[in-house]
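Engineer: how does the following fold in three dimensions:
(one chain, ligands or ions: 1)
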Amino acid sequence: MSISDNLKKLCQEIPAKVKLVAVSKTKSVDTVMEAYNAGHKIFGENRIQELVEKQKALPEDIEWHMIGHLQTNKVKYIAPIVSLIHSIDSIRLLNVINDEALKIARIINCLLQIKIASEETKFGLTVEEALHILSSEEFKKMKNIRISGLMGMATYTNDKSVIKSEFTFLADCFNEIKNTYFSQSDYFKELSMGMSDDYKIAVEAGSTIIRVGSLIFGPRF
Ligand SMILES: *Cc1c(COP(=O)(O)O)cnc(C)c1O
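Structural biologist: Sure thing, here's the model as predicted:
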(Lines give C-alpha, C1' and ligand atoms only; values in the text may rest on other atoms or scores of the structure.)
Protein backbone atom coordinates (compact mmCIF):
# COMPACT_ATOMS: atom_id res chain seq x y z
CA MET A 1 0.00 0.00 0.00
CA SER A 2 1.13 3.56 -0.65
CA ILE A 3 1.80 6.19 2.02
CA SER A 4 -1.40 7.90 0.97
CA ASP A 5 -3.40 4.66 1.40
CA ASN A 6 -1.80 4.01 4.79
CA LEU A 7 -2.69 7.51 5.99
CA LYS A 8 -6.22 7.25 4.73
CA LYS A 9 -6.78 3.88 6.39
CA LEU A 10 -5.35 5.09 9.70
CA CYS A 11 -7.40 8.29 9.70
CA GLN A 12 -10.56 6.33 9.03
CA GLU A 13 -9.80 4.04 11.92
CA ILE A 14 -9.13 6.55 14.66
CA PRO A 15 -11.74 8.93 16.13
CA ALA A 16 -11.74 12.37 14.46
CA LYS A 17 -10.67 14.06 17.70
CA VAL A 18 -7.44 12.04 17.90
CA LYS A 19 -4.51 13.84 16.28
CA LEU A 20 -2.11 11.82 14.15
CA VAL A 21 1.58 12.70 14.24
CA ALA A 22 3.27 11.01 11.28
CA VAL A 23 6.70 10.02 12.57
CA SER A 24 9.06 10.67 9.69
CA LYS A 25 12.42 10.05 11.40
CA THR A 26 15.01 8.47 9.06
CA LYS A 27 12.70 9.02 6.06
CA SER A 28 13.69 11.31 3.19
CA VAL A 29 12.29 14.72 2.36
CA ASP A 30 10.67 13.17 -0.73
CA THR A 31 8.95 10.59 1.42
CA VAL A 32 7.62 13.26 3.77
CA MET A 33 6.47 15.21 0.71
CA GLU A 34 4.46 12.21 -0.40
CA ALA A 35 2.55 12.26 2.88
CA TYR A 36 2.18 16.04 2.64
CA ASN A 37 0.74 15.75 -0.85
CA ALA A 38 -1.74 13.22 0.51
CA GLY A 39 -2.94 16.03 2.80
CA HIS A 40 -1.01 15.30 5.98
CA LYS A 41 0.57 18.25 7.80
CA ILE A 42 1.76 17.03 11.21
CA PHE A 43 5.12 15.29 11.42
CA GLY A 44 7.28 14.07 14.28
CA GLU A 45 11.06 13.77 14.47
CA ASN A 46 13.36 12.57 17.22
CA ARG A 47 16.63 14.22 16.18
CA ILE A 48 17.28 17.94 16.13
CA GLN A 49 19.38 18.08 13.00
CA GLU A 50 16.95 16.02 11.00
CA LEU A 51 14.02 18.14 12.15
CA VAL A 52 15.83 21.39 11.28
CA GLU A 53 16.86 20.16 7.82
CA LYS A 54 13.44 18.84 6.94
CA GLN A 55 11.73 21.98 8.19
CA LYS A 56 13.92 24.05 5.88
CA ALA A 57 13.32 21.82 2.88
CA LEU A 58 9.59 21.30 3.25
CA PRO A 59 6.46 23.52 3.07
CA GLU A 60 5.96 26.13 5.78
CA ASP A 61 2.53 25.01 6.86
CA ILE A 62 3.83 21.75 8.30
CA GLU A 63 3.50 21.38 12.08
CA TRP A 64 6.74 19.86 13.44
CA HIS A 65 6.71 17.88 16.67
CA MET A 66 9.84 16.92 18.61
CA ILE A 67 9.21 13.47 20.05
CA GLY A 68 12.67 12.28 21.09
CA HIS A 69 15.05 12.97 23.96
CA LEU A 70 16.25 16.55 23.75
CA GLN A 71 19.66 17.84 24.82
CA THR A 72 19.57 21.28 26.40
CA ASN A 73 22.38 22.67 24.19
CA LYS A 74 20.31 21.95 21.08
CA VAL A 75 17.03 23.53 22.13
CA LYS A 76 17.93 26.83 20.42
CA TYR A 77 17.84 25.20 16.98
CA ILE A 78 14.24 24.06 17.22
CA ALA A 79 12.77 26.78 19.44
CA PRO A 80 11.67 28.91 16.46
CA ILE A 81 10.14 26.05 14.46
CA VAL A 82 8.71 23.39 16.74
CA SER A 83 5.00 23.38 17.52
CA LEU A 84 5.00 20.76 20.28
CA ILE A 85 7.79 19.14 22.29
CA HIS A 86 6.58 15.75 23.57
CA SER A 87 9.67 14.77 25.51
CA ILE A 88 10.20 16.96 28.57
CA ASP A 89 12.13 14.85 31.06
CA SER A 90 13.66 17.42 33.42
CA ILE A 91 13.04 20.87 34.87
CA ARG A 92 16.44 21.87 33.53
CA LEU A 93 15.27 21.17 29.99
CA LEU A 94 12.06 23.09 30.61
CA ASN A 95 14.09 26.04 31.88
CA VAL A 96 16.26 26.12 28.77
CA ILE A 97 13.22 25.91 26.49
CA ASN A 98 11.63 28.77 28.43
CA ASP A 99 14.78 30.91 28.02
CA GLU A 100 15.05 30.21 24.29
CA ALA A 101 11.35 30.85 23.77
CA LEU A 102 11.61 34.14 25.65
CA LYS A 103 14.44 35.31 23.36
CA ILE A 104 12.22 34.92 20.32
CA ALA A 105 8.97 35.95 22.01
CA ARG A 106 7.27 32.58 21.62
CA ILE A 107 5.30 30.37 23.92
CA ILE A 108 6.30 26.78 23.29
CA ASN A 109 3.87 23.95 23.95
CA CYS A 110 5.39 21.03 25.84
CA LEU A 111 4.32 17.66 27.17
CA LEU A 112 5.80 16.04 30.25
CA GLN A 113 7.10 12.60 29.30
CA ILE A 114 6.10 10.13 31.98
CA LYS A 115 7.97 6.88 32.36
CA ILE A 116 5.33 4.17 32.21
CA ALA A 117 7.30 1.28 30.71
CA SER A 118 9.22 -1.26 32.72
CA GLU A 119 12.32 -1.04 30.51
CA GLU A 120 15.30 0.73 32.02
CA THR A 121 16.38 2.55 28.87
CA LYS A 122 13.45 4.84 28.26
CA PHE A 123 13.58 8.50 29.17
CA GLY A 124 10.91 10.16 31.20
CA LEU A 125 9.84 11.42 34.58
CA THR A 126 8.27 9.44 37.37
CA VAL A 127 4.87 10.78 38.38
CA GLU A 128 6.43 12.07 41.60
CA GLU A 129 9.05 14.00 39.63
CA ALA A 130 6.37 15.47 37.39
CA LEU A 131 4.31 16.61 40.39
CA HIS A 132 7.45 18.05 41.94
CA ILE A 133 8.15 20.14 38.82
CA LEU A 134 4.59 21.40 38.60
CA SER A 135 4.57 22.42 42.28
CA SER A 136 7.91 24.23 42.11
CA GLU A 137 8.35 27.99 42.25
CA GLU A 138 10.85 27.65 39.43
CA PHE A 139 8.17 26.23 37.15
CA LYS A 140 5.62 28.86 38.10
CA LYS A 141 8.00 31.58 36.90
CA MET A 142 8.31 30.16 33.40
CA LYS A 143 6.07 32.25 31.20
CA ASN A 144 7.22 31.10 27.78
CA ILE A 145 6.40 27.44 27.99
CA ARG A 146 2.99 25.88 28.29
CA ILE A 147 2.45 22.36 29.57
CA SER A 148 -0.32 21.08 27.35
CA GLY A 149 -0.38 17.50 28.56
CA LEU A 150 1.52 14.25 29.03
CA MET A 151 3.34 11.76 26.83
CA GLY A 152 4.30 8.16 27.42
CA MET A 153 5.66 5.06 25.73
CA ALA A 154 4.50 1.58 26.72
CA THR A 155 6.78 -1.39 27.24
CA TYR A 156 7.83 -3.12 24.04
CA THR A 157 5.93 -6.37 24.48
CA ASN A 158 3.35 -8.56 22.80
CA ASP A 159 1.41 -8.71 26.03
CA LYS A 160 -1.52 -6.40 25.36
CA SER A 161 -2.64 -6.44 28.99
CA VAL A 162 0.68 -4.89 30.06
CA ILE A 163 0.38 -2.17 27.41
CA LYS A 164 -3.22 -1.52 28.36
CA SER A 165 -2.45 -1.15 32.05
CA GLU A 166 0.44 1.26 31.31
CA PHE A 167 -1.73 3.47 29.10
CA THR A 168 -4.55 3.38 31.62
CA PHE A 169 -2.08 4.40 34.31
CA LEU A 170 -0.96 7.37 32.18
CA ALA A 171 -4.56 8.40 31.55
CA ASP A 172 -5.16 8.32 35.32
CA CYS A 173 -2.06 10.50 35.86
CA PHE A 174 -3.35 12.91 33.25
CA ASN A 175 -6.67 13.26 35.06
CA GLU A 176 -5.00 13.71 38.44
CA ILE A 177 -2.62 16.37 37.13
CA LYS A 178 -5.40 18.10 35.22
CA ASN A 179 -7.55 18.27 38.35
CA THR A 180 -4.72 19.36 40.63
CA TYR A 181 -2.82 21.88 38.51
CA PHE A 182 -4.74 22.70 35.35
CA SER A 183 -8.45 22.57 36.12
CA GLN A 184 -8.79 26.17 34.92
CA SER A 185 -6.46 25.77 31.92
CA ASP A 186 -8.13 24.51 28.78
CA TYR A 187 -4.73 24.13 27.07
CA PHE A 188 -3.87 21.16 29.28
CA LYS A 189 -5.68 18.61 27.14
CA GLU A 190 -3.25 16.35 25.29
CA LEU A 191 -2.37 12.77 26.05
CA SER A 192 0.28 11.61 23.59
CA MET A 193 0.38 7.83 23.60
CA GLY A 194 0.26 5.08 21.00
CA MET A 195 2.60 4.06 18.17
CA SER A 196 2.28 1.68 15.19
CA ASP A 197 1.98 -1.45 17.31
CA ASP A 198 -0.17 -0.16 20.13
CA TYR A 199 -2.18 2.86 18.97
CA LYS A 200 -5.50 1.01 19.14
CA ILE A 201 -4.99 0.19 22.80
CA ALA A 202 -3.87 3.78 23.42
CA VAL A 203 -6.93 5.29 21.75
CA GLU A 204 -9.19 3.04 23.83
CA ALA A 205 -7.39 4.28 26.94
CA GLY A 206 -8.00 7.93 26.03
CA SER A 207 -5.12 9.04 23.84
CA THR A 208 -5.58 12.39 22.05
CA ILE A 209 -2.37 12.22 20.00
CA ILE A 210 -0.86 9.10 18.44
CA ARG A 211 2.67 9.03 17.01
CA VAL A 212 2.83 6.58 14.13
CA GLY A 213 5.84 5.92 11.91
CA SER A 214 6.36 2.49 10.39
CA LEU A 215 2.68 1.83 9.77
CA ILE A 216 2.63 4.87 7.47
CA PHE A 217 6.12 4.94 5.98
CA GLY A 218 7.15 1.29 6.22
CA PRO A 219 9.96 -0.18 8.32
CA ARG A 220 13.06 1.84 9.24
CA PHE A 221 16.46 0.34 8.50
C1 LIG B 1 9.90 6.23 16.49
C2 LIG B 1 8.92 6.73 17.46
C3 LIG B 1 7.54 6.56 17.25
C4 LIG B 1 6.94 5.82 16.07
O5 LIG B 1 7.26 4.45 16.11
P6 LIG B 1 6.56 3.42 15.12
O7 LIG B 1 6.62 2.13 15.85
O8 LIG B 1 7.36 3.42 13.86
O9 LIG B 1 5.17 3.86 14.89
C10 LIG B 1 6.68 7.11 18.19
N11 LIG B 1 7.13 7.77 19.27
C12 LIG B 1 8.45 7.95 19.51
C13 LIG B 1 8.87 8.70 20.72
C14 LIG B 1 9.38 7.43 18.62
O15 LIG B 1 10.69 7.62 18.87
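Engineer: which residues of the chain score low on pLDDT?
Structural biologist: Residues of the chain meeting the criterion pLDDT under 70: 121-122.
Engineer: gap between the residue most central in space within the chain and the ligand?
Structural biologist: Taking Cα atoms, centre = their mean as the criterion, residue 86 is the residue nearest the geometric centre of the chain, at 3.2 Å. Computed as Cβ to the nearest ligand atom, to the nearest Å, the residue 86 to the ligand distance reads 7 Å. Glycine gets a C-beta too; all of them are placed from N, C-alpha and C.
Engineer: settle this for me: that residue is touching residue 112, isn't it.
Structural biologist: No - checked against Cβ atoms under 8 Å, the pair residue 86 and residue 112 is beyond contact range at 9.3 Å.
Engineer: looks like residue 47 contacts residue 24 (just checking).
Structural biologist: No - Residue 47 is not in contact with residue 24 according to Cβ under 8 Å; the separation is 11.0 Å.
Engineer: comparing these two, which residue is more hemmed in?
Structural biologist: Between residue 47 and residue 24, residue 24 has the larger neighbour count (other Cβ atoms under 10 Å), namely 26 against 16.
Engineer: so who does the more buried one touch?
Structural biologist: Shown in contact with residue 24 (Cβ atoms under 8 Å, 6 or more residues apart in numbering): 31-32, 35, 43-45, 54, 213, 217.
Engineer: out of the residues you listed, list just those in strands.
Structural biologist: Under the assignment DSSP state E, the contacts of residue 24 contribute 43-45 to strands.
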